[in-house]
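Could you work out the structure for the sequence below:
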Amino acid sequence: MYPELFEIPFFHWTVKSYGLMMVIGFLAAVWLIRYLSRDITPNPQLITNAALYSLIAGVVGARLFFVIHYFDQFRENPLSVFAIWNGGLELLGGVILAITVIVLFLWRNKLPIRRYLDILAIGLMLALAFGRIGCFLNGCCFGKPTKLLWAVRFPYDSFAYLSQINPNLRRDRPEPQLQLPRDEYLSYVDKDGKWYPKSYNNLTPQQQIEVTKGKYRALPVHPTQLYSSANAAFLCLVLYLFWRRSIRSTGSSSPKRFLTKSGSTFGLMFVLYGVTRFLIEFLRDDNPFEIDSLTISQFISIALLILGALLIALFNRLKSMPLK
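So this is what the prediction gives:
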C-alpha cells in the first residue's frame with residue numbers, strides 16, 4: 001500500500017497515488033477518445049475541452065458522492081467538505097456527473113451525441129481501470145478476508161486493518177475480525193466508538209513484530225480493487241468490439257443486428273458495469289449495508305442496469321447516425 005508515492009522537493013508536497021492514477025487514467029481516456037473519434041471530429045480540440053470539463057465535473061461529483069455517503073463525518077466541520085487533499089472520493093459519483101457535463105457539452109456544440117457517447121463509454125472503462133489501481137495503492141475499497149492464494153495483506157493502520165480490529169454493526173458484524181488487545185495498542189476512540197491503535201513508530205519492537213509478522217498482522221483479503229481494475233479493462237475491450245461491430249453495420253445492406261444502433265454501446269456500458277459492480281460488491285468489506293445486506297453501490301448498480309437497458313431500447317428505435 002502506497003497512498004503517498006513521493007514528496008516534491010522544496011515544496012514538501014506529497015504526490016498521492018490515488019490522484020496520480022486518476023490523472024493517468026484521464027489522460028489515457030482522452031487519448032483513446034481522440035483516437036477513436038478522429039473520423040467524426042471536426043475539431044479535435046473540442047474533445048480535449050470536453051475532457052477537461054469532464055475532469056473537473058468528475059472530481060466534484062466524486063467528492064459530492066463521498067460527502068453524501070459519509071455525511072456524518074462532516075457535521076462538526078462543514079468546511080472539511082472542501083479539504084479534498086485529505087482524501088475522500090467515490091469514482092461512481094464522478095462518472096455520473098462527468099457524463100452529464102459531456103452530454104451538455106456535445107449538445108451545445110451540435111456534435112453527434114450518440115456517436116460520441118459510444119466512444120466515451122470505451123474511454124471511461126479505460127480510465128476506471130487505472131483509477132482502481134489507485135484504490136489498491138491507497139488501500140481503500142478493500143475486500144473481505146479470504147484464504148485464496150492471491151489474497152493480499154494490507155499493512156498495520158491501513159483502512160482494512162482498522163476495519164478488521166473493530167466491530168461493524170452496519171455490516172452486521174458485532175465482533176471484530178481481528179482481536180487486537182485494546183489495553184496494549186489503544187491510541188484513541190472516536191465519537192462513534194471506533195478505536196484506533198497507536199502509530200507504528202510508537203509501538204515497542206515486540207509489538208511491531210506482532211503486527212507485521214505475528215498473530216496481530218492484518219488478515220489476507222480479496223484484492224477487490226484489482227478485480228475492479230481487471231473488470232474495467234475487460235469491459236473496455238468488450239465495448240470496443242461492440243463499437244467496431246456497430247461501425248461495420250452502419251451503412252451495410254445486411255439486416256440490422258441487435259446493439260448496432262448509435263448509442264447502444266453507451267447503454268451496454270451501464271448494463272455490463274452495473275452487473276459486474278453488483279457482484280464485486282459482495283466481495284468488498286468497506287461499504288455499510290443499507291437494506292437486506294445490500295450496499296448503496298449495489299442499489300446504484302441496479303439503477304445503472306435498468307438505465308442501460310432503457311437506453312438500448314430507446315436507441316434501438318432511433319435511426320442510425322451516419323458515419324460522417
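
Residue ranges of each domain in the protein, please.
Taking automatic domain parsing as the reference, the chain has its domains at 4-143+222-317, 159-212.

Report the distance from the last one to the chain centre.
In terms of C-alpha atoms, centre = their mean, to the nearest Å, the centre of domain 159-212 is found 26 Å from the chain centre.

and if you look at the first one?
Offset of domain 4-143+222-317 from its chain centre (C-alpha atoms, centre = their mean): 7 Å.

just to revisit the earlier point, in terms of mean pLDDT, which of the domains of the chain ranks lowest?
The minimum mean pLDDT among the domains of the chain belongs to domain 4-143+222-317 (a mean of 83).

Can you lay out the domains of the chain as a markdown table showing mean neighbour count?
Placement of C-beta: from N, CA and C, glycine included. Listed next are the domains of the chain as a markdown table, based on neighbours: other C-beta atoms under 10 Å:
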| stretch | mean neighbour count |
| --- | --- |
| domain 4-143+222-317 | 18 |
| domain 159-212 | 14 |
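
Mind putting these into JSON lines with distance to Arg153?
Formatted as JSON lines, the domains of the chain follow (distance: least, C-beta to C-beta, whole Å):
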{"stretch": "domain 4-143+222-317", "distance to Arg153": "10"}
{"stretch": "domain 159-212", "distance to Arg153": "8"}
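
Nearest to Val152, out of those?
domain 4-143+222-317 (4.8 Å; C-beta to C-beta).

On the three-state scheme, the closest residue to Phe105 other than its chain neighbours is what?
Of all residues not flanking Phe105 in the chain, Ala50 sits nearest, at 4.8 Å (C-beta to C-beta, 6 or more residues apart in numbering). The local conformation at Ala50, judged by DSSP: H, G, I helix; E, B strand; the rest coil, is helix.

Double-check Ala50 against Leu106; I have them as touching.
Yes - if you go by C-beta atoms under 8 Å, Ala50 and Leu106 touch, sitting 7.1 Å apart.

before we move on, the earlier item: any idea how far the residue nearest to Phe105 is from Tyr200?
Going from Ala50 to Tyr200 by C-beta to C-beta, to the nearest Å gives 45 Å.

same thing with Arg38?
For Arg38 relative to Tyr200 (C-beta to C-beta), the value is 51 Å.

can you check Trp150 too?
26 Å.

again with Trp243
Look at Trp243 and Tyr200: by C-beta to C-beta, they are 48 Å apart.

do Tyr227 as well
Applying C-beta to C-beta, the value for Tyr227 to Tyr200 is 28 Å.

now Phe258
According to C-beta to C-beta, Phe258 and Tyr200 sit 56 Å apart.

Kindly report the same for Leu20.
Distance, Leu20 to Tyr200, using C-beta to C-beta: 24 Å.

so what strands line up beside the helix or strand where Tyr196 lies?
Following DSSP states H and E, one finds Tyr196 within strand 195-197. Neighbouring strands of strand 195-197 in its sheet, by DSSP bridges, are strand 186-189 (antiparallel).

can you list the residues that contact the partner strand?
Trp195, Tyr196, Pro197, Lys198, Ser199, Asn202 (C-beta atoms under 8 Å, 6 or more residues apart in numbering).

quick one, phi/psi of Val221?
phi -130, psi 160 (degrees, to the nearest 10).
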